[in-house]
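Trainee: Sequence first, then the predicted structure, then my questions.
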Amino acid sequence: MSRLALVTAIATAAQDDDLPLLHAACLARGLHAEIRAWDDPSVAWARYDTVLLRSPWDYTERFDEFTAWCERVDALTRLLNPWPVLRWNTDKHYLADLAARGVPVVTTAFVEPEMDPLPALQEFLLAQPQAEEFVVKPAISAGSRDTQRYARAQEFAAANHIARLLDEGRSAMLQPYLASVDRDGETALMYFNGVFSHAIRKGAMLQREDALNLRAVERINAREAGEDERAVALHALTAMTARLDLEEPLAYARVDLIRDGGGQPQLLELELCEPSLFFAHEAGSADRFAEVLAELLETTAP
């Protein structure tokens, strides 16, 4: 029988609300699925036919260690999503790739470690005169860790935030804070094997001067995705497939969108590494994903 590892982390396993639902759905389909932590040195990953990343949410603090683990496991067995996809997607510079391919992406400027924080920020604000507020975040991050919302008048505080990231050798991102988030929240669209499954609404999380942790509390509700949102999501997935020269759909993807001032959906993030898939908010979604996994395991059966 094919063996499936559902991968979490020792420190974050209890935070994953999806994991027990997915594990139960896999077992109900007769899959040999086991929950394992990526940072458990006792695990022999080659014993598994498929290794599925779910909640290794401490990886940004151990990035080099985690990416080395991904590359090693990808060479031993089938890693989902595959290592080349993870390598590209764990650094949000990928947003520039998608924007270059015509995907409507929230305006993003990157500040690199060799740059001066304050002039870079002032250049961004000059180019975004309509943005009353903006967001600073690291290019490699999970959840809302080290992410902060600022008013234009707080440019010195924001520059200090950027400087802290750069001093750690990290790239920073600058984005306008779109006021529609406070009204409409974000829409997250889930895709399994390239097929749309369901969508949820995430309420606004960023408040000024809040220090948010790795898994800040989210206000989640089921949502019907608009046709325009699904069109942008498909555009993003198609552009990603072309950029990475993929021959088949990914086992899972989450597309996070927000609306701009004109009401048009814009890509905020394309989550291909370890996204929450919000099974509890859509009846049957865990079963649908388990069915996809069962089909994938059939292709790796000995």
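Mentor: Perfect, thanks for sending it. Numbers count the residues shown, from 1 in each chain.
Trainee: Output the contacting helices and strands for the lowest-mean-pLDDT helix or strand in the chain.
Mentor: Counting by mean pLDDT, DSSP states H and E, the weakest-scoring helix or strand in the chain turns out to be helix 180-184, with a mean of 88. Using 3 or more C-beta pairs under 8 Å, 6 or more residues apart in numbering; DSSP states H and E, the elements in contact with helix 180-184 are strand 252-259. Every C-beta, even on glycine, is put in place using the N, C-alpha and C of the backbone.
Trainee: Direction included, what does the strand or helix carrying His198 pair against?
Mentor: Using DSSP states H and E, His198 sits in strand 195-202. Partner strands for strand 195-202, per DSSP bridges, with pairing direction: strand 186-192 (antiparallel), strand 220-222 (antiparallel).
Trainee: picking up where we left off before, which residues does the least confident helix or strand of the chain contact?
Mentor: Here helix 180-184 makes contact (C-beta atoms under 8 Å, 6 or more residues apart in numbering) with Arg201, Ala204, Leu206, Ile258, Arg259, Asp260, Gly261, Gly263.
Trainee: wait, which of the residues you listed is closest to Glu298?
Mentor: Of all the contacts of helix 180-184, Arg201 has the smallest distance to Glu298: 34.8 Å, by C-beta to C-beta.
Trainee: Which stretches in the stretch 51-200 of the chain count as helices?
Mentor: For the stretch 51-200 of the chain, the helices defined by DSSP state H, counting those that start in this stretch occupy 63-76, 83-89, 94-100, 117-127, 155-167, 180-184.
Trainee: With just CA atoms, put the first one into CSV.
Mentor: The one in question is helix 63-76. Coordinates of each C-alpha in helix 63-76 appear next as CSV, following Å, rounded to 0.1, in the frame of the first residue of the first chain:
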residue,chain,number,x,y,z
PHE,A,63,14.6,29.0,6.1
ASP,A,64,17.9,27.5,5.0
GLU,A,65,17.3,24.3,7.0
PHE,A,66,13.8,23.9,5.6
THR,A,67,14.7,24.5,2.0
ALA,A,68,17.6,22.0,2.3
TRP,A,69,15.1,19.5,3.7
CYS,A,70,12.7,20.1,0.8
GLU,A,71,15.4,19.6,-1.7
ARG,A,72,16.6,16.4,0.0
VAL,A,73,13.1,14.9,0.3
ASP,A,74,12.2,15.9,-3.3
ALA,A,75,15.2,13.8,-4.4
LEU,A,76,14.0,10.8,-2.3
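Trainee: closest to Ala44 out of the strands paired with strand 195-202?
Mentor: Taking C-beta to C-beta, strand 186-192 is the member of those nearest to Ala44, at 27.9 Å.
Trainee: circling back to that earlier point, among the contacts of helix 180-184, show me the least confident.
Mentor: pLDDT is lowest at Leu206 among those; the value there is 58.
Trainee: Quote the end-to-end distance of stretch 5-23.
Mentor: Terminal residues of stretch 5-23 lie 10 Å apart, using C-alpha to C-alpha, to the nearest Å.
Trainee: Next: stretch 2-12.
Mentor: With C-alpha to C-alpha, one end of stretch 2-12 sits 26 Å from the other.
Trainee: Could you list the low-confidence segments of the protein?
Mentor: Residue ranges of the chain with pLDDT under 70: 143, 205-218, 301-302.
Trainee: now the residue nearest to Ala158 when sequence neighbours are not counted: how far from Asp91?
Mentor: Spatial nearest neighbour of Ala158, chain neighbours left out: Tyr150 (4.4 Å); criterion: C-beta to C-beta, 6 or more residues apart in numbering. Distance, Tyr150 to Asp91, using C-beta to C-beta, to the nearest Å: 23 Å.
Trainee: Comparing the two, which residue is more hemmed in?
Mentor: Tyr150 (22 against 15; other C-beta atoms under 10 Å).
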